[in-house]
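# Sequence and predicted structure below; questions after.
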Amino acid sequence: MKVNWRRLFSFSVSDNEYLIDSKDKIEFIGCKKTEYSCLSYLPAINHYFRESDKHFINKDFNLSIDALDKAHQIAGELRDVDCLTCAKFFQVTAVQSLENVHSELEKMTRGLFATRRYQPCYEKAEELLKQLRVNKKTTPSCQPIKENSSVLPAFSM
């Protein structure tokens with residue numbers, strides 16, 4: 001019997017190596033306005049999104065939630081009238097990421113194989129989501145707007 005050593009020992013890539021640190025979650029394509037004030041905020045927001053993803057993969061959910069909260073706060077600091085749509089988009093993206101973390105934590109804390117280990121993180125994410133949903137000024141409703149019988153995604157202000 002001949003042993004195939006190549007199949008016996010295989011090397012796999014860990015999850016941390018799949019995370020590309022240079023890839024931004026939100027990329028700047030262009031702006032219709034003349035001033036690009038969002039360009040000064042966008043690198044910091046993307047940094048916190050990458051940091052949140054890194055902590056999420058390492059199952060350090062407290063730091064992941066904190067990074068998403070910080071990204072939401074920085075997006076809220078963008079007060080320029082021309083960049084209000086971009087700021088709301090950044091905030092909605094942070095809230096959606098937080099909802100994903102919250103749903104993942106909910107799966108871990110409930111069900112047949114539930115563990116109490118992540119319960120404080122789950123409660124922290126739930127409390128932060130409640131705060132962001134109560135504050136209507138920072139969480140816009142993202143509803144599709146019908147124009148000429150075609151559906152276009154847009155923010156309602």
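Received it, and whenever you're ready, just let me know what you need.

# hey, which helix is longest across this protein?
helix 84-109 (DSSP state H).

# quick check: mean pLDDT across that one?
Mean per-residue pLDDT for helix 84-109: 91.

# Likewise for stretch 38-45?
pLDDT averaged over stretch 38-45 gives 84.

# neighbouring contacts of that stretch?
Applying C-beta atoms under 8 Å, 6 or more residues apart in numbering, the external contacts of stretch 38-45 come out as 26, 28, 31, 71, 74-75, 77-78, 80, 83, 86-87, 90, 94. Every C-beta, even on glycine, is put in place using the N, C-alpha and C of the backbone.

# could you redo the last one with a cut-off of 10 Å?
Identification of contacts with stretch 38-45 by C-beta atoms under 10 Å, 6 or more residues apart in numbering yields 24-28, 31, 36, 70-78, 80, 82-87, 89-91, 93-94.

# Please list only the buried members of those.
25-26, 70-72, 74-76, 78, 83, 85-87, 89-91, 93-94 (16 or more other C-beta atoms under 10 Å).

# ok, now which ones touch Y48?
25, 66-75, 94, 97.

# Distance check, it against L63.
For Y48, the distance to L63 equals 11 Å [C-beta to C-beta, to the nearest Å].

# where does E77 fall, phi/psi-wise?
phi -70, psi -20 (degrees, to the nearest 10).

# contacting residues around it?
With C-beta under 10 Å, 6+ apart, E77 has these contacts: 41, 44-45, 87.

# Which two among those residues are spaced furthest apart?
Of all pairs drawn from the contacts of E77, the greatest distance, 12.9 Å, lies between A44 and A87 (C-beta to C-beta).
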